[in-house]
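> Here's a sequence, model it:
(one chain, ligands or ions: 1)
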Amino acid sequence: MGILFAISSYFILQQSYGHLTKQQRSMNMSRISSTETSPECQLRIALFKLGYRYRKNVRQLPGKPDLVLKKYNSIIFVNGCFWHHHAGCIKASIPKTNKPYWEEKLKRNINRDYANLQQLKDMGWKVITIWECEINQNFALTLSNVVQYLHNEQM
Ligand SMILES: [Zn+2]
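Numbering: from 1, shown residues only. Presented below is the predicted three-dimensional model:
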């Protein structure tokens, strides 16, 4: 219940930006550099505002996880749909030119992701994979799912 309250107040906070004048808003936007607006950054910033602390791009762990939340024994990967070949996703379609090359390359990526995932699980980590399209389509839902996963002991 506390978590849901935190999430809803986060979104109320976001919506309150709607009351700013156009000038104020563009000032706020200009403080955010273009690299900070990727889906991964969006998720990271929201989690931080909700009070979650993490390390990012941890090289010492298999697959260099995007976010590591030690307190929750959890790892979050935010995967690009094309490079990590999100099954069934429209953004994961294989280019028509040089198809065998792409098939081979993406198959290697899938296998590598799977191996990393297994390794992390064997090490006792809870691994959460989020896809960029999920964040783009429904950020609020994705965020609340992530928070629920973090607090779920059963994964
Ligand atoms: Zn996708």
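
> Now do the residue nearest to Ile75 when sequence neighbours are not counted against Asn138, distance only.
Computed as C-beta to C-beta, 6 or more residues apart in numbering, the closest residue to Ile75 that is not its neighbour in sequence is Pro65, at 4.4 Å. To be clear about C-beta, it is placed using only N, CA and C from the backbone, and glycine gets the same treatment. Distance of Pro65 to Asn138, computed by C-beta to C-beta, to the nearest Å: 23 Å.

> More neighbours: which of those two?
Pro65 (25 against 12; other C-beta atoms under 10 Å).

> Would you agree the more buried one falls within a helix?
No. According to DSSP: H, G, I helix; E, B strand; the rest coil, Pro65 belongs to no helix; its state is coil.

> any idea which helix or strand comes after the helix-or-strand element of the chain with minimal mean pLDDT?
When the helices and strands of the chain are compared on mean pLDDT, DSSP states H and E, helix 22-30 comes out lowest with a mean of 53. Scanning the chain past helix 22-30 towards its C-terminal end, the next helix or strand to appear is helix 39-49 (assignment: DSSP states H and E).

> Tell me the helices and strands packed up against that next one.
Based on contacts counted as 3 or more C-beta pairs under 8 Å, 6 or more residues apart in numbering; DSSP states H and E, the elements that helix 39-49 packs against are helix 2-15, strand 67-69, strand 74-79, helix 132-137, helix 139-151.

> Can you mark which positions in it are buried?
Of the residues in helix 39-49, those with enough neighbours to count as buried (16 or more other C-beta atoms under 10 Å) are Pro39, Glu40, Cys41, Gln42, Leu43, Arg44, Ala46, Leu47.

> And the furthest pair within those residues?
Greatest spatial distance in the buried residues of helix 39-49: Pro39 and Leu47, 12.7 Å, computed using C-beta to C-beta.

> Does the nearest residue to Phe77 once chain neighbours are set aside belong to a helix, a strand or coil?
Once flanking residues are discounted, Phe77 sits nearest to Thr129: 4.9 Å by C-beta to C-beta, 6+ apart. When the structure is reduced to helix, strand and coil (three-state DSSP), Thr129 reads as strand.

> and the gap between Thr129 and Asn145?
As for Thr129, its distance to Asn145 is 11 Å (criterion: C-beta to C-beta).
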